[in-house]
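Student: sequence first, predicted coordinates after that:
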Amino acid sequence: MPPARPPPADAVIDRLTAWVADNGGRVGPLAITGAAGARAAFAAEPLAEGVRLLDLPRACLFTQEAAASTPSGAFVAERWRGAARAQVVLAAGLASLRRAPPPFWAPWVDTLPTALPTNPLFFDAADLANLAGTSVDLLLPARRERLREEYAALRSGVPGLDGLTEHEWRLARTLVNSRAFHVDDAVGDALVALADLLDHAPNPESTWAFDEGRFKLSAACDVPAGAPVRDGYGPKSDARLLLHYGFTVADNPVRAVWLDFGELGPAALPDDATTRTAHEVLEALGATSDDLGERRAGWERLRAVCVARLAQLPDAPLPDTPNGRNAARVRAVDRDVLVGWVERAANALANENGARP
């Protein structure tokens, strides 16, 4: 591997690093590179497993308590009775900060993206059409409607958010949803400076803990100089990664398709038929019933739903753009998983039809 080149100067990151140091934190051998809104972390030197990469005091975390110190966050924290209270409070405080960043938080706020063009919540009509028939297409309306309901409840009368636009709210909520860490049960969810720039990997190069009031990020393995340093966002399918974070990953080990079973509601059907989730879906459909007729009906229903979804997936080529490539990956996984379950259902029905009633 050639020697790692020093990252280009980034005044925004330099200010944030100085801000961390001024407030009692420390940034280890991390190099943050990339353009605004697309920065990522890399090893600034060869890293040994366990090397401390970040050590941040609680003061450098935008916690629910910090959000509630803003007029908008305090107002929402006191009155919000809907779902996702922690994230709504954080988003209200963040939306207020973004409008007029106070001096203390300005170095961190300056690192936050002002647009999220790869998240389906912000797609134009053409990019949305490329998701037709996919799991994202199934899940996106409920996500959009939840944010719309939150916006309707908050668009007037919230101090510091006068004239809040739906786009502003959607952006704040998506930033919180995609970047918040559940620090611990006492602190709850929080946005963490610099750690929120780490990309995702199924096998991440870093690990973190909140210990003695400090957020500590360490190398999870030996990492060569110049190699990515990533976090793990949890085992999520490409559809969920795209919906919540705006990206997919190559060779994602989590493969699942989302299906709508009517009164049973949407459910994720994993590629692996032996998983607990797959068993729960089959049980709900009656495909694991002791009654032969119920089992047949359950497998018939599963096959019909999978065949119908396959028919909804278009074969048209997708553009060679970030959004097009993400849509292609989701579409391909959906198709593969659906075909697998159609075959399983056909085999199960063949076996059941050979059994005595």
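Tutor: Looks like it arrived, so ask away.

Student: what ranges do the strands span in the stretch 151-300 of the chain?
Tutor: 181-184, 188-192, 206-211, 214-219, 256-260, 266-270 (DSSP state E, counting those that start in this stretch).

Student: residue 103: which of those strands is closest?
Tutor: When the strands of the stretch 151-300 of the chain are compared by CB to CB, strand 188-192 sits nearest residue 103, at 17.9 Å. Where C-beta positions appear, they are placed from N, C-alpha and C, glycine not excepted.

Student: list the contacts of that closest one.
Tutor: The contact list for strand 188-192, computed with CB atoms under 8 Å, 6 or more residues apart in numbering, reads 56, 60-64, 66, 86-87, 90, 94, 175-176, 179-183, 215.

Student: re earlier: I'd like the strands of the stretch 151-300 of the chain as TSV, with mean neighbour count, distance to residue 168 and mean pLDDT appended.
Tutor: Formatted as TSV, the strands of the stretch 151-300 of the chain follow (neighbours: other CB atoms under 10 Å; distance: least, CB to CB, whole Å; pLDDT from 0 to 100):
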stretch	mean neighbour count	distance to residue 168	mean pLDDT
strand 181-184	15	23	94
strand 188-192	22	17	96
strand 206-211	17	30	96
strand 214-219	20	27	97
strand 256-260	22	29	96
strand 266-270	19	28	94
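
Student: would you turn those strands into CSV with distance to residue 12?
Tutor: Formatted as CSV, those follow (distance: least, CB to CB, whole Å):
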stretch, distance to residue 12
strand 181-184, 21
strand 188-192, 16
strand 206-211, 21
strand 214-219, 20
strand 256-260, 37
strand 266-270, 38
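
Student: let's see which of the contacts of strand 188-192 end up in helices.
Tutor: In this view, those that belong to helices under DSSP state H are 64, 66, 86, 87, 90, 94, 175, 176, 179.

Student: sorry, back to before: so which of the strands of the stretch 151-300 of the chain gets nearest residue 331?
Tutor: Comparing the strands of the stretch 151-300 of the chain against residue 331 with CB to CB, the closest turns out to be strand 256-260 (10.5 Å).

Student: just the angle for the closest one relative to strand 266-270, thanks.
Tutor: Angle of strand 256-260 versus strand 266-270, following axes from the mean of the first three to the mean of the last three CA atoms, to 10 degrees, is 150 degrees.

Student: quick one, what contacts residue 87?
Tutor: By CB under 8 Å, 6+ apart, residue 87 lies in contact with 173, 176, 177, 180, 189.

Student: ok, residue 348 - contacts?
Tutor: Contacts of residue 348 by CB under 8 Å, 6+ apart are 287, 295, 299.

Student: if anything else comes up later, I'll come back, but that's it for now.
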